[in-house]
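Colleague: Predicted model and sequence below, questions to follow.
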Amino acid sequence: MKIIFLPFLLPKKKILLIVLMKTFLAICFLTTFGFTSKSVFSQDTEIIIKSNKVVPVEEVFDLLKEQTTHTFIYRIDLFDAMPKVSLKKGKTTVGQLLKSTVSKLGYTVEYAEDGTILIFDFSANNDNDIVEQEQSTVSGTVTDPTGMPIPGVNVIEKGTSNGVVTDFDGEFAIEVAPDAVLIFSYLSYETVEMPVDGQNQMNITMETSASALEEVVVVGYGQSKRRNLTGSVGSIKASELEAQPINSFDQALQGRVAGVQVTQASNAPGGGISIRIRGGNSISASNDPLYVIDGFPITNPAPASGASNSSMYSSPLSFINPSDIVSVEVLKDASATAIYGSRGANGVVLVTTKRGKEGPMIIEFGSYYGMQKITRTLDILDAEGQTTSKNEQLINLGYGERYGDPDGNYPMSPSEYGEGTDWQNEVFRVAPIQNHQLTLSGGSEKIRYLISGNYYDQDGIVIASNFKRYTSRLNLDAEMSDGINVGTNFTVSRSINNSVNEVGGNSLVALALKYSPANPIFDENGNWQLLNVGPGSGFGSYANPVAVANTTTNELVTDRLLSNVYANIDLMEGLTARLSLGVDLYNSRRDIFYTPETLIGYNLNGYGSNGSVSNLNLLNENTITYTKDLKNHSFDLLGGITFQSNREERTFVEAQDFPNYTLGANNLGLANTPLPPEGTVREWGLNSYLSRINYRFMDKYLFTLTGRVDGSSRFGTKNKYAFFPSGAFAWRISDEDFLEDIETLSNLKFRVSYGSTGNDGIGLYRSLSEYNTARTVFNDIEVLTNEASRLANPGLKWEKTNQFNIGLDLGIVDNRFRFTTNYYIKTTSDLLLNVKLPSTTGFTSVLQNVGSIQNKGFEFSLNTINTTGAFHWTTNANISFNQNEVLSLANSDEYLVNSGFSTLIVREGEPLGSFYGNVFDGIWQSQEEIDNAGEVARSGDMPGAMKYKDIDGNGIFNESEDRTILGNGLPDFFYGITNNFSYKSFDLSIFFQGVQGNEIYNSTRAEIGRSDPTVPLLRTVYENAWRSDNPSNRYPAIKQWRYTNTSSNFVEDGSFVRLKNVTLGYSLLTNSDFFQSARIYISGQNLLTFTEYSGYDPEVNSTFNSNVSYGIDAFAYPLARTIMLGAKVQF
Amino acid sequence: MKKVTYLLMISLGLSLFSCESNLDEVPLSFLEESNSFNSAEDANSAIGAVYHRLRGIYGMNMINMGDLTADDLEVRPENGLASEIDKLLFNSAHPWFNSFYTNSYILIDRANRVIENVPNIAMEDEEKQRIIAEAKFLRALAYFNLVRSFGDVPLVISVTDDITNVQIERTDSEEVYEFIIKDLIEAEVNLPLSYSEENMVGRATKGAAKAILSKVYLTVGQWENAAKKSKEVIDLGIYDLFPSYEDVFQPENRNGREHIFSVQYSCILSEYGSSMAINFAIYFTYPINLGGGSYQVTPEYADSFLQGDSREGVAVIYEKELADGTIVESRTGPHTDKYWDPMPCGSSSARNNFMVIRYADVLLMYAEALNELGGPNQEAYQAINKVRQRARTGNDSQLVDLEGLNQAEFRDAVLQERSWELAFEGHRRWALLRTGTYIEKMNASGIPAEEKHLLYPIPINQMDINLALTQNPGY
C-alpha cells in the first residue's frame, strides 16, 4: 500500500496518525487516498451509482472505497457541517464524481501522477499545532448536542470485540491500536464511527437519531425516503418486534401504528388475529390487508379442515419468524396502496427481512424463556353450590329437593359434595414459552448473506394446547458482474399446532365452565368420568374437559416454503430492470381424533378425520425503474408487469366407529364406517400491469401518480379487467424560504391523496353456477345426490374503495418532536352481498355487487425525544378514530345475521354489525305488577322472571318485534403509548395499549350467567338471584326462564387499557474473546388490564374473521400473562 | 452480462405468453348444470337431491305446520318459537313459515330442473319416465303443502335462471290445485308399484301417487275422485295394516307394508337421523340424559281415548322405561311414545321415518270420501272399522265396530278416528281445515282461533323481496 502524505504529516509505519486539537477548525489536508491496485488510479476510473440519493459527503468516499481499492482517512466530523450532495444513478467516473460533489463544496481536487488524489481546502487556517504522537489509550467524553454527558454509550473498536461503556460522566478510556476506528453507539443516537487518528483524547458529540426524514421506508415495488413520501405509511422496526412473546409479526402491530386495529382473536398458542386497517370495508369479502413478504404478495389458504367440534383459528402468518424481520410497513392511503390494485383496498402490510451486510461474520444468538398464566378466572359455583342451586330451582318449580333426598337417586346432600372439582383449575395451567434464534450474517464486497434458524415452543395455558415452530432463512445478495445484482430470499418453516376446540358451547373452556363440579375427574373404576353425574341429575350433558383434552387429537401441521430470486440489471444510467420469480408452497395437514372417552366419540364409538391442503403460488414480476434528476426536477418512474397464479388442492376424510382406536387418526381405515371423502381443486390467476410516476419539483413539491390494471380470474366474464388509479401531492412547507427563519421548525409537510383500490377477496368461482354433490339415504342405504347450489352471476366483480387522505407531518426542535396526523374518508362501493332472492327462484340468495360502506377517521401519532443525555427518554404515542357506516344495502335497508351466538343487524346508517335484540328491563317483583303489565309480560311470567322492554310501545312484548340495537363491537378509538427509557446500560420500555367505546356480546355469560343450574352458575348470579326476601332487579329467580335470543343483559362495555408490555434490559460489552456484546432482559406481557368487562378478557373476537359479528365472546381461549427472561449475545 | 440479460429477457417473454390463459375460470372440482345431466346415474343423483329436500318440509317442520297449530299437540312454553305457533300468537315474521315456504320452493326448483333436463339424457326410456314422474310427484307434494298452508301461492313450473326478473305473483289456489292434480296424474302413470332394488325402497310409487291424489281430491271436495283413488290404493293389494298399532312406529318396521310413502331417515350416520325422537321424549330422559322434548300431548287428547283402545298406550304416556330399566316419570304431563327410538345415533338424531301417508290414512280417506258422496255405506264402515279392529286388539268387546250413523255422525266419527289413529303425524290441522271444523275445535281447546288462522301468513321476508306478493287477510 502506497500512501502519499502532505509534508506536514509524518508517516509512521503504514499508519497515519494525527492529533487534532480542540481548537482545530479546519485543516487544509482533508483526505488522502492510497491504492494498491496495479491499474493506475485515475480520475477516469468508473464508478457505479446504484440509485438516486442525497447523501452526506462521507458517503461519496465510502463509494470510492467500495468501488476502488483505495482507503482514505479523514476526520470523521469534517464534513458534518457540509451540505449533502446528490448522487445520480448510473455510471460516472471518479473525476466527475468528485467534481460534482467535493469540488462543488469549494474544495480543490488534485490528481497526482501516481494516482493519488489530494483534496485541499485553502480557505481555512492551517496554523494548527500538529503533533505526532503514539498512544495506546484513548480517553474522552461523549456528550449530546447540548453538551450533556451520555453515560452507557458503547464504545467499540471497529472489527474487534474490544469495547467499553461510558461512565456516568460520559467518560471512557479504551486501549486501542493507534490506527483503530472507534464506534460509538447508543440507543436513540446516531452511531458515530471515528478513527482514532493517533489521538489520545476524543470528545464525541452524538446526534440524536431524529433524522427520521432520511429514514428509508419500503413502499410497494420500491423504497422511498420518508421525506419524499406522499402517501400515508406507518412502520415499525425490529426493535419493536423484539422482546415480545409473539409468534407472528402482525401481533406486534398492535398499538404501534395509527389506524391499525389488531385484535388477538385467539389467544391459543399459534392463534390468529383480526387486523383492520382503517376499519372494515367489506361485508362478504375479505377485510384482511394484503401481506407482502420481501416483495411477494402472499395469500393465506385456509388451513386443512377438521372434524366437527375442533374449531381453531391459527395464525396464517406465524410461518414468518418475527426475529428475521427488520421492518414492517403499513400502507394505508390510496397513494400508497393503489400500486397493489385489486388487492389494496384493505391496506397493505410490507414485511422486510434482515439481510447480510459487508463485513466479518456476525453470529448472534438470542433466546427467551417465559411462563404464562391466565390473567383471571371466573367465580362460579362449586359442587355444593351447584347442587344447592339445583335444589332451589326444583323447589321453585314445585318439585322436591333432589340432592339429599334419601329416597332418590342422589341421597348425598349438597354439603357432602363439598367443593368438588374446580374444573378451571384442572384445565388452566402455568405454561412455558421459549424462543431460540441463531443468526449468521456478513459478506464480502460481492456476496452478502444472512442465515438464520429459529425454534419457538409455546405451551398453551389450556392443557393439551401447544405450538411449535421451526424456521430457517437464507437471504443472499450477490453482484454477478457490473450492473447485475442477483439475490434470493428463502425461508422454510414447519409449525405444529396442537389445539383444543376453541369456540362455543363445546369448546374446552366451555366444558371447564359447564361440566359439573360435582363430578370427579375419574370414576370409581379409575376411568375418565365421562358424562355428568347421572341421568336425572338435572345437569346438562357435557363431556369431562380433562378427559376430552387428554384423549382428543387435534393437530395441525403446516409446512411452508417462501422463496424468490431476483435480478437487478442496470441497463443504462438511471434505468434498471428487475425481474423476480417467486414460489410460495404451503402444505398443511390436520388430524382430529375423538376416542370414545369424549362425548362426541362416545356416541360414535371413535371419530377421526384427516384433512390436507396443498397450495402452490407462483409469482413473476418484471419491473423497470428510471430515475432522472434535472436541475429542479426529479423523476422516479416505475413500470411493471406481474403474473401470479395459485392452485389449491384440498382433501378431507372422516371415519367413525373404531373397534380399535389405539392408532387414532393415523389410520382411518381401521374404522367400520368411513365417510365419503371430500376434495377440491381450485385455481386463480392475476395478471397485472402497473406504473408509478414520482415527480419532485425543487424537492418541495412532490407528486405521485399510480395506476394498476388487474386482470383477475375471480371476476365474472363481463368484468375481467379493472383499473385502479391514484394521485397524490405533498408540499414540504418547511423547505420554503418564508419558513427558513423559524429555526425550531425542522419539518412541515402537507399531504393529500385520492385514489381507487379494489378488494378481490371475493372467493373463487363465485360468478359461476354450481352444482353440489352430496348424499342422502333410502332404506338405510346411501345414494349420491347432485343439485344446483348457486346461480351464476357473470357480472360479478371486485369491491371498489375510493379513499381520500389528507395529512400533515410536523417536526420541531431538530425533529425531537414529530407529529403526524391523517384524516381519511374511504368509501367502498359495489359491495359484494348475498342479495336475497325470493324462494320461488329455488335459491335464497345470489352474490351481487351492491351496497356501499364508509369508513372515515383521524389518526394521530407523536414521537418525542423527551430527554437526552444520561437519562434518555422517548415516547411514541398514537391514537386512531374510525367511524364505520353502512351507506346502502341490497333490496332492503337492513338484514339480520346470526353469528351462532347472538343476532346482529346490518342496517343502513349504522356501523357494520350491531348487536340486535331485546332490552332487559329488570325483574318482575310481584304478580300484581305482572297483571298490570298486560301483554308486556310474557305468558308464564311470574315474580322473579325477567322483564323486557316493549320497544315499539304497542303494549305487547314480542321477541322479534321488540328488538333494537344494543351496541356494536367497533371501538370509538384505540391507542397505544410506548415510553422508552435508558440510563447507562439499562433500558426500560413501557407499553400501554387500549381500546375505547366498543361493546362485547358476552355469550359465555349468556350460558353460565343464566339462572338455570344445569351448569354451575356464576356466583353473583346465584347469590344475588331474585328471592322473595331478596327483591333483585338484576338477576332472576333460580328457575328456568325463557331467554331471548339476544338480550342487552349480555352486552357489555369492552373498553380497556392494558399495560401490554414492560421490558427491562441490561446491555454489556466485554473485552472477552468469547463474545462481543450481550443484552439480557426481563419482559412482562399483558401485565395489567383495566376494564369493566366481566369475562376472561375484553380483547376477544370469537367469530374470528367474520366481518359482521365483531366482538363476541363465546368461551374464547383466555389471555395469558407472560413473564419472560431473555438474552441476546453477539459473537 | 449480456448472456444473463438475454436469458432473463427470454424468460420474461415466455412468462408473458404463458400466463394469458390464467384468467379463465374453469371449475376443477365441482359440477355445473351443463355437466350434471349426462347419464342415467346423473338423473338418479338429481332426483335423489329432490327427495333429500323433503327433510326441510317434513320431520319436525310438518309437526309444527300440521299438528302444533291444532288441538292435539302442545308445547312447553320454554320453547318460545314453537309456543307462538302452538298458541296461534305468530305473525308473518315467524321464521318457521319462511323456512317452510323456502324449503318447499327449493324442492320445487330442483324438481323443475329434473323435469327439464332429464328428457334430454340418453337413457332407458322407462327409467327416464319414472324419474320425471318422481319429480312431478315430489313437486306436487310440495305445492300441496304450500297451498294448504298459505292459500294462493306463486306457481313456478320451470327453472329460474334469470336473477333479475324474480317478482312472481300468487296464483289462485284453484289453479294450483289443478296443477297438483295434473302432476300427480302424470306421475301415477309412470311410477312403479314398488322397487326391487334395496337402495330405491322409499322412493315414490304408483300407490303413493294415488294416495296423495286421493287426499288432494278430498281437500278440494272431489269426493268421487277421492274415493276412486283410495279404492285403487286398497285394490292394489300390496298394502295392509300392521297387526299391531305399536308396530307402525318401530324403527325396525320402516318402509313396511302399511307405509305407503315416508321421508327416509336413518342412523347409518347421525346426519341422516331425524329429530322427532328427542323433541317428543319425556323431559330429561332421552337417551342418555341428553335433555328431552318439549312437545307434549294436550290433556284433552290424552283423556279422549275409549276403553280398550290399544293406541292410547302408544299415543299417550306418562312415564318411560329406559333400556337400563330405569323408569323416568314425566314431570310435565302426558307425552307421546310414537317416536321413541331406543337406539338413536345422536342427541337429536334417530331412525324414525316421517310417514307422509300410510295405509290406515287411506282407509279413513276412503271412508270419508264415501260418506261425503252420500252418507256412510257398507264400504265406508268396512274401511273405518278395519282401523278400529286393529286398535282393539285383544278385547273385541271394547271399541266396537261403528254402525248406524248418519252422514254427519259418520263425518265426526272419521275425524275422531283420525285423531286417535294419526295424531302427531302431521295431519290434524289439514283434517280440521278440510272438514271446516278448525275454528270450532281450536276454540274448544281453549286457543282462540279466527278466520285468519285458516291460512298461515305469507312470510314477511318473502314479501320484502318479492314485491308482487300480497298478504293473507288478517296478518
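Modeller: Sure thing, it's come through.

Colleague: For A:Glu59, the count of nearby residues, please.
Modeller: If you count neighbours by other Cβ atoms under 10 Å in any protein chain shown, A:Glu59 ends up with 16. C-beta: built from backbone N, CA, C; applies to glycine.

Colleague: in the stretch 1-150 of chain A, which segments are predicted with low confidence?
Modeller: A:1-43, A:52, A:69-84, A:102-135 (pLDDT under 70).

Colleague: which secondary structure element contains B:Ala187?
Modeller: Here B:Ala187 sits within helix B:173-190, counting by DSSP states H and E.

Colleague: just checking, next helix/strand downstream of that helix?
Modeller: Per DSSP H and E, helix B:173-190 leads on to helix B:206-220 as the next helix or strand towards the C-terminus.

Colleague: Show me what that next one packs onto, helices and strands only.
Modeller: Applying 3 or more Cβ pairs under 8 Å, 6 or more residues apart in numbering or on different chains; DSSP states H and E, one finds that helix B:206-220 contacts helix B:125-150, helix B:173-190, helix B:223-236, strand B:259-263, strand B:354-358, helix B:359-374, helix B:428-434.

Colleague: tell me how far that helix is from the chain's mean position?
Modeller: 14 Å (Cα atoms, centre = their mean, to the nearest Å).

Colleague: What is the neighbour count of the closest residue to B:Asn117 other than its chain neighbours?
Modeller: Spatial nearest neighbour of B:Asn117, excluding adjacent residues (Cβ to Cβ, 6 or more residues apart in numbering or on different chains): B:Phe37 at 4.0 Å. For B:Phe37, the neighbour count with other Cβ under 10 Å is 21.

Colleague: excluding its backbone neighbours, what's nearest A:Lys797?
Modeller: A:Asn719 is the one closest to A:Lys797 (Cβ to Cβ, 6+ apart), at 3.9 Å.

Colleague: OK, contacts around the spatially most central residue of chain A?
Modeller: Taking Cα atoms, centre = their mean as the criterion, A:Asp250 is the residue nearest the geometric centre of chain A, at 1.2 Å. Neighbour list for A:Asp250: A:262, A:273, A:275, A:315, A:317, A:349 [criterion: Cβ atoms under 8 Å, 6 or more residues apart in numbering or on different chains].

Colleague: 6 Å instead, please
Modeller: A:Asp250 sits next to A:273, A:275, A:317 when contact means Cβ atoms under 6 Å, 6 or more residues apart in numbering or on different chains.

Colleague: Would you verify that the last one is located in a helix?
Modeller: Just to be clear, that refers to A:Leu317. No: using DSSP: H, G, I helix; E, B strand; the rest coil, the assignment for A:Leu317 is coil, not a helix.

Colleague: what number of residues lie near residue 100?
Modeller: You didn't pick a chain, so chain A it is. 15.

Colleague: The chain in question should be chain B.
Modeller: Neighbours of B:Phe100 under the rule other Cβ under 10 Å: 24.

Colleague: Might you list the low-confidence residue ranges for chain B?
Modeller: Looking at chain B by pLDDT under 70, you get B:1-20, B:78, B:283-292.

Colleague: The same query, at a cut-off of 80, please.
Modeller: Residues of chain B meeting the criterion pLDDT under 80: B:1-22, B:77-80, B:161-165, B:283-293, B:322-326, B:328, B:331-332, B:346-347, B:393-395.

Colleague: for whichever residue of chain A sits closest to chain B, what are its contacts?
Modeller: For chain A, the residue closest to chain B is A:Gly842, as judged by Cβ to the nearest Cβ, at 2.2 Å. The contact partners of A:Gly842, taken as Cβ under 6 Å, 6+ apart, are B:106, B:109, B:160.

Colleague: dump the residue contacts of the second one.
Modeller: So that's B:Asp109. Going by Cβ under 6 Å, 6+ apart, B:Asp109 touches A:Gly842.

Colleague: ok so, going back, which ones among the contacts of A:Gly842 lie within helices?
Modeller: Under the assignment DSSP state H, the contacts of A:Gly842 contribute B:106, B:109 to helices.

Colleague: List just the nearest of the contacts of A:Gly842 to chain A.
Modeller: Within the contacts of A:Gly842, the smallest distance to chain A is 2.2 Å, found for B:Asp109 (Cβ to the nearest Cβ).

Colleague: so the helix holding B:Ala187 versus helix B:206-220, what angle?
Modeller: Inter-element angle recorded for helix B:173-190 and helix B:206-220: 160 degrees (by axes from the mean of the first three to the mean of the last three Cα atoms, to 10 degrees).

Colleague: If you count contacts, what does helix B:173-190 end up packed against?
Modeller: If you count contacts as 3 or more Cβ pairs under 6 Å, 6 or more residues apart in numbering or on different chains; DSSP states H and E, helix B:173-190 packs onto helix B:125-150, helix B:206-220.

Colleague: Please export the C-alpha coordinates of the last one as PDB.
Modeller: Listed next in PDB are the C-alpha coordinates belonging to helix B:206-220 (Å, rounded to 0.1, in the frame of the first residue of the first chain):
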ATOM      1  CA  LYS B 206     -97.900 -45.600  -8.000                       C
ATOM      2  CA  GLY B 207     -99.600 -46.300  -4.700                       C
ATOM      3  CA  ALA B 208     -98.100 -43.100  -3.200                       C
ATOM      4  CA  ALA B 209     -99.300 -41.000  -6.100                       C
ATOM      5  CA  LYS B 210    -102.800 -42.400  -5.900                       C
ATOM      6  CA  ALA B 211    -102.900 -42.000  -2.100                       C
ATOM      7  CA  ILE B 212    -101.700 -38.400  -2.300                       C
ATOM      8  CA  LEU B 213    -104.000 -37.700  -5.200                       C
ATOM      9  CA  SER B 214    -106.900 -39.000  -3.100                       C
ATOM     10  CA  LYS B 215    -106.000 -36.600  -0.300                       C
ATOM     11  CA  VAL B 216    -105.800 -33.700  -2.800                       C
ATOM     12  CA  TYR B 217    -109.300 -34.600  -4.200                       C
ATOM     13  CA  LEU B 218    -110.600 -34.900  -0.700                       C
ATOM     14  CA  THR B 219    -109.200 -31.400   0.100                       C
ATOM     15  CA  VAL B 220    -110.800 -29.800  -2.900                       C
END
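
Colleague: Kind regards, and thank you for your time.
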